[in-house]
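Asks: Using only what follows, build the 3D model:
(chains A and B)
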Protein chains: 2
Amino acid sequence: MQRTAEVICVGTELLLGDILNSNAQFLAQELARLGIAHYHQTVVGDNPERIRQVVAIAQSRAQLLIFTGGLGPTPDDLTHETLASCFGVPLVEHPEILATIHEKFVRRGIPMAPSNRTQALLPLGAEVLTNSSGTAPGIIWQPQPPDNRELTILTFPGVPTEMKMMWRHVAVPYLQAHGWSQQTLHSRMLKFWGISESALAEQVQPMLASTNPTVAPYANWGEVKLRIAAVADSHDEAERLIEPMAQKIRAIAPDYYYGCDQDTLASVVGEMLLAQNATLAIAESCTGGGIGSQITEIPGSSAYFVGGVIAYDNRVKIQQLGVETTVLERQGAVSAAVAAQMAQGVKQRLGATWGLSITGIAGPDGGTPDKPVGLVYIGVAGPQGVQTFEHSLGSGRGRQWVRQLCASHGLNHLRLALRQLPTPGR
Amino acid sequence: MQRTAEVICVGTELLLGDILNSNAQFLAQELARLGIAHYHQTVVGDNPERIRQVVAIAQSRAQLLIFTGGLGPTPDDLTHETLASCFGVPLVEHPEILATIHEKFVRRGIPMAPSNRTQALLPLGAEVLTNSSGTAPGIIWQPQPPDNRELTILTFPGVPTEMKMMWRHVAVPYLQAHGWSQQTLHSRMLKFWGISESALAEQVQPMLASTNPTVAPYANWGEVKLRIAAVADSHDEAERLIEPMAQKIRAIAPDYYYGCDQDTLASVVGEMLLAQNATLAIAESCTGGGIGSQITEIPGSSAYFVGGVIAYDNRVKIQQLGVETTVLERQGAVSAAVAAQMAQGVKQRLGATWGLSITGIAGPDGGTPDKPVGLVYIGVAGPQGVQTFEHSLGSGRGRQWVRQLCASHGLNHLRLALRQLPTPGR
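Replies: Numbering: from 1, shown residues only, chains lettered A, B, ... in the order given. Model (predicted):
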């Protein structure tokens, strides 16, 4: 019989809609990647009786129960306590956990609250699933259900960063060692910018019918992706199924394809700058620092990113970037001419090889019939001069949409400009 | 007996983690707002047998089953077919739906696929839940379970925009007309910065036992929140229950409390600057534009935000902000002295009332025994001089954690500094 997993997310905040259940998505992706079948996800509130009922249902249809949430120090964090009672065992205090929790508080220089002590209580017989970044550990537990059926329980805190780290470092090795992961589903996400989902789907229509690997389109915030997924006995074999398909697809849309999986427009631009021994400075108006923030998300970006000027006020455009007052007055702050002077100004003043600028109207106010909300100008200044680009992103999808999209457009224009320059031999 | 709802999301794509279950969050928020109790959410794949089992469980514990997904034209869209078989009724074709579907294809100028015809098949006895924007209608259905218990089923497509429109325009009026929404749940989220979840929970311990309103703590990315939720006959009455509790809690942690609901540290700082007729300039190193991005997320921020300098490279700190080379050499870029000069420099050069600066080691590399990853200095320059603050954010939670947390710490220090200045009379 195939063994299956069930994801159980505990937290009244999920039932109130206060938070989005990103943990369920992460665990679903991971289970798929490991080839572990997973047919149900359940969300239940911080209520011991209902948690108990959910456990009873889940153990009748799955052999691996993965819990998130309810491990905190407050009285409504009940996951371990309830699990212990489900299987008729007491909670026992783990002095080594208590010591670790205590030490973390000492290091942060704040006193440990007595309630944190409850986080050292685990069901009798459960192993500790170490949480290296937070205070609440989880458990790995094979309890003894009355009917002796096979059952493994993993628990994680609800905090996504902690849950993910514990999953990767402790749970995955455990599951692999215990025969949970045999066939594996492996996938690659190809990423495109500047083409619509339906236009790309039309171009790759024949591939969408493929069964192993499968090809499926996704779109999000203007980015279009194609997910190629293969099931195989090993990661390498899955890769051998994926690679020819990826090559075929890339050949169909070479200008729009920019990278895959963890790649972002910012990371791809960073690699190109690094390869060309070049540096970048940015001048942001409507994005207010958003492009810089994306670029500096990448570890090691200091090798090519010099810095930038957030020129929100026109005086900053004039004084810090050398934009001419007459150009500002005649063309307006949102114009190709100002974008060009911003890009050239920041490149020159900060001493970079490339300058990227953005000026636009993010809304909701500030639009005019001539220059409506969503109008954006991008400047790319490089060794061979400056280019400008105009985009009309509309007002219908709001301020964050305009800001996010023009940042991506800016990075993409820089990517295309960098691609035209030959990489120096090295 | 209190009637309750269960949300059931159908779709193998959810079990593969291909999409985030934002529908569940939306419905959860809506049910809470309408005061409809909701204790379980279930996700199940496009599999008739498993959907049937989920329906059996759900109807044993809830009286209102809300389905999303599985209404499309492809063979794996099985929700209506399976529901019909659960309750032993046939599917019947609705000519008026078929006509509407056909018409939509004509309007789009594309031929209707034969598979779209299945979307006009609904369980016998179900009413149509009109979908004005897509092709797949949902149903409103009171089937007859064998034991004659009360049961209402609503189905929606998985596409969020269609689901939301149908929910608002059809389902909500239906539920209100059928006595589902009498009492309303209203809540307020109080937000705190600079105190741990457990420390705050301990201070408000007696309030956590309150039943109407309830008080529950949450923590995310260093921010701690307390949600006060009241059930009442009207919004105003709920507010009357919430307000005294909110006042009590604010009085307990006045320095840590910064706002509620949609407030962010950036929006609160913005309101204070506006009230004081003051302006802000920022100098960011390790956050790379992240603070500027947060500040300019707020519509109208141009009234108080002048701009900033992203001083990633030390040369930018020297040339654009006037940081002294000797100070950089002796103290290092990550030091209180450099943070102070960055804050003063940007305040003065960009001509703002306030200057906020951040310099730190976001990691993963770049740490030393003296200056480990996570060490951050913040400078706040204002009318009465400059202050600096040191934070040790650790390396365990990664680069984004350090960047996000120090941005929030920076905004919070600015908030506290702004609070010390009297608001000018106006």
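
Asks: Now do the helices in the stretch 151-300 of chain A.
Replies: A:160-166, A:172-177, A:197-203, A:235-252, A:265-275, A:290-296 (DSSP state H, counting those that start in this stretch).

Asks: hmm, I was thinking of the stretch 1-150 of chain A
Replies: For the stretch 1-150 of chain A, applying DSSP H, counting those that start in this stretch gives helices covering A:12-15, A:22-34, A:48-61, A:79-86, A:95-108.

Asks: Dump the ones you listed to a markdown table, plus distance to chain B and mean neighbour count.
Replies: (Glycine included, C-beta is placed from N, CA and C.) Shown next, in a markdown table, are these (distance: least, C-beta to the nearest C-beta, whole Å; neighbours: other C-beta atoms under 10 Å in any protein chain shown):
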| stretch | distance to chain B | mean neighbour count |
| --- | --- | --- |
| helix A:12-15 | 6 | 23 |
| helix A:22-34 | 3 | 21 |
| helix A:48-61 | 6 | 17 |
| helix A:79-86 | 15 | 22 |
| helix A:95-108 | 8 | 14 |
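
Asks: so residue A:293 makes contact with residue B:293?
Replies: Yes: with contact taken as C-beta atoms under 8 Å, residue A:293 and residue B:293 are classed as touching, separated by 5.0 Å.

Asks: Model confidence score at the spatially closest residue to residue A:218 that is not a sequence neighbour, please.
Replies: Nearest residue to residue A:218, sequence neighbours excluded (C-beta to C-beta, 6 or more residues apart in numbering or on different chains): residue A:225, at 4.5 Å. Predicted confidence (pLDDT) at residue A:225: the value is 89.

Asks: tally of neighbours for residue A:225?
Replies: Neighbour count of residue A:225, defined by other C-beta atoms under 10 Å in any protein chain shown: 17.

Asks: beta partners for it?
Replies: Judged by DSSP bridges, the bridge partners of residue A:225 are residue A:191, residue A:218.

Asks: in stretch A:153-168, what counts as buried?
Replies: Across stretch A:153-168, burial judged by 16 or more other C-beta atoms under 10 Å in any protein chain shown covers A:153-167.

Asks: now the residue lying farthest from the centre of chain A: how far from residue A:341?
Replies: Distance from the C-alpha centroid of chain A, by C-alpha atoms, centre = their mean, peaks at residue A:326 (43.2 Å). Using C-beta to C-beta, to the nearest Å, residue A:326 is found at 11 Å from residue A:341.

Asks: Quick check, residue A:395 in contact with residue A:365.
Replies: No: if you go by C-beta under 8 Å, residue A:395 and residue A:365 don't touch, sitting 10.2 Å apart.

Asks: residues contacting the nearest residue to residue A:6 once chain neighbours are set aside?
Replies: In space, and not counting its chain neighbours, residue A:6 is closest to residue A:62: 3.8 Å by C-beta to C-beta, 6+ apart. Residues near residue A:62 by C-beta atoms under 8 Å, 6 or more residues apart in numbering or on different chains: A:4-6, A:39-40.

Asks: Ramachandran coordinates for residue A:62?
Replies: Torsion angles at residue A:62 (phi, psi; degrees, to the nearest 10) stand at phi -150, psi 160.

Asks: Hmm, residue A:204 and residue A:252 touching each other?
Replies: Yes: Residue A:252 lies in contact with residue A:204 (C-beta under 8 Å); the separation is 6.0 Å.

Asks: ok, those two, which is more surrounded?
Replies: Neighbour count, other C-beta under 10 Å: between residue A:252 and residue A:204, residue A:204 has more, with 18 against 13.

Asks: So that one versus residue A:408, what's the distance?
Replies: From residue A:204 to residue A:408 the distance is 21 Å (C-beta to C-beta).

Asks: What of residue A:60?
Replies: Using C-beta to C-beta, residue A:60 is found at 47 Å from residue A:408.

Asks: And residue A:320, by the same measure?
Replies: For residue A:320, the distance to residue A:408 - C-beta to C-beta - is 25 Å.
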